[in-house]
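Participant: need the 3D shape of this:
(2 chains)
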Amino acid sequence: MSSRNAPRPFLGILLLGFIGAFITVASCNHVQRVDTLHASVAAVKTARDQFTDWDKSHRLEIVDAAKTRADADAALARYQAKQKAIADGFALAFEFLAVAATQTDDPSLQAALAKAAEIVEAFTKLKGDL
Amino acid sequence: MSAADNSQMSRILAIADSSLHALLAIGSATRGVLAVASPDHKIPTYASDDVLGILRAVVAIVDVVEQGLQGNVSIADVQTDIANARNDLKATLAANDVAVQAAEDAKFPPAG
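Facilitator: Residues are numbered from 1 along each chain as shown, chains lettered A, B, ... in the order given. This is a model prediction of the structure:
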């Protein structure tokens, strides 16, 4: 395992803590709701940027380590099944946040925040596993 | 409210005000560090991806606090932000595909 691929939980913990803090203070107040959603979107975007940066580095490392094009293609295909799950998770988290932004109820907000925390955790786990 | 309560409240507000100013100052300083670090990746030797990620997270948090203080974030802004965030994810992953394909072609030139 290269140093770039080593488990690096700090950012995940930071972002999870950030999102978790907003889960605890989420309320029906409209202004607070907008602030909570805004902060959560910012946190998920930061995690998304980490994911896309890491995705590029990881795939380039796969190519770099491959002996043949066939090896590279096979390794990239194996990785991309996992990558797609995370990318879809981020898309779903944004979808939940978008839904929460059109509603005024607590459950939609709680679900969006939980989904956001879930994808950050899943990405952190992926980095640790690979 | 008694004089003692007033005094304590004043101290709490002063601490909160100082903390907020400190947070905003940290955000400003962090933006400066990232402005130097990010464009040409001059400092990866000293700062790991995680450190840069944490700095970016700090800036994102401070941005939110600053905008919250200004009170100028509407639900429409948030909706636009979410839509852009989804599109950016797709665009960046597509750009990664291109970069990886280019690296693969450079290492293993296609036949013909």
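
Participant: ok, now which ones touch the residue nearest to A:Ala42 when sequence neighbours are not counted?
Facilitator: Once flanking residues are discounted, A:Ala42 sits nearest to B:Ala60: 4.3 Å by C-beta to C-beta, 6 or more residues apart in numbering or on different chains. The C-beta positions use only the backbone N, C-alpha and C, and glycine is treated the same way. B:Ala60 is in contact with A:42-43, A:45-46, counting by C-beta atoms under 8 Å, 6 or more residues apart in numbering or on different chains.

Participant: of those, which is the most crowded?
Facilitator: In terms of neighbours by other C-beta atoms under 10 Å in any protein chain shown, the contacts of B:Ala60 top out with A:Ala43 at 26 neighbours.

Participant: and A:His30, how far is that from chain B?
Facilitator: 8 Å (C-beta to the nearest C-beta, to the nearest Å).

Participant: next: A:Glu121.
Facilitator: According to C-beta to the nearest C-beta, A:Glu121 stands 15 Å off from chain B.

Participant: can you show me the CA trace of stretch A:59-76 as PDB?
Facilitator: The C-alpha trace of stretch A:59-76 is given here as PDB (Å, rounded to 0.1, in the frame of the first residue of the first chain):
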ATOM      1  CA  ARG A  59      -6.300   5.600 -11.100                       C
ATOM      2  CA  LEU A  60      -3.000   7.100 -12.300                       C
ATOM      3  CA  GLU A  61      -1.200   5.000  -9.800                       C
ATOM      4  CA  ILE A  62      -3.000   1.900 -11.200                       C
ATOM      5  CA  VAL A  63      -1.800   2.800 -14.700                       C
ATOM      6  CA  ASP A  64       1.700   3.500 -13.400                       C
ATOM      7  CA  ALA A  65       1.900   0.100 -11.700                       C
ATOM      8  CA  ALA A  66       0.500  -1.900 -14.600                       C
ATOM      9  CA  LYS A  67       2.900  -4.000 -16.700                       C
ATOM     10  CA  THR A  68       0.600  -4.200 -19.800                       C
ATOM     11  CA  ARG A  69      -2.400  -2.300 -21.100                       C
ATOM     12  CA  ALA A  70      -4.600  -5.300 -20.400                       C
ATOM     13  CA  ASP A  71      -3.400  -5.300 -16.800                       C
ATOM     14  CA  ALA A  72      -4.200  -1.600 -16.500                       C
ATOM     15  CA  ASP A  73      -7.600  -2.000 -18.000                       C
ATOM     16  CA  ALA A  74      -8.500  -4.900 -15.700                       C
ATOM     17  CA  ALA A  75      -7.300  -3.100 -12.600                       C
ATOM     18  CA  LEU A  76      -9.100   0.100 -13.600                       C
END
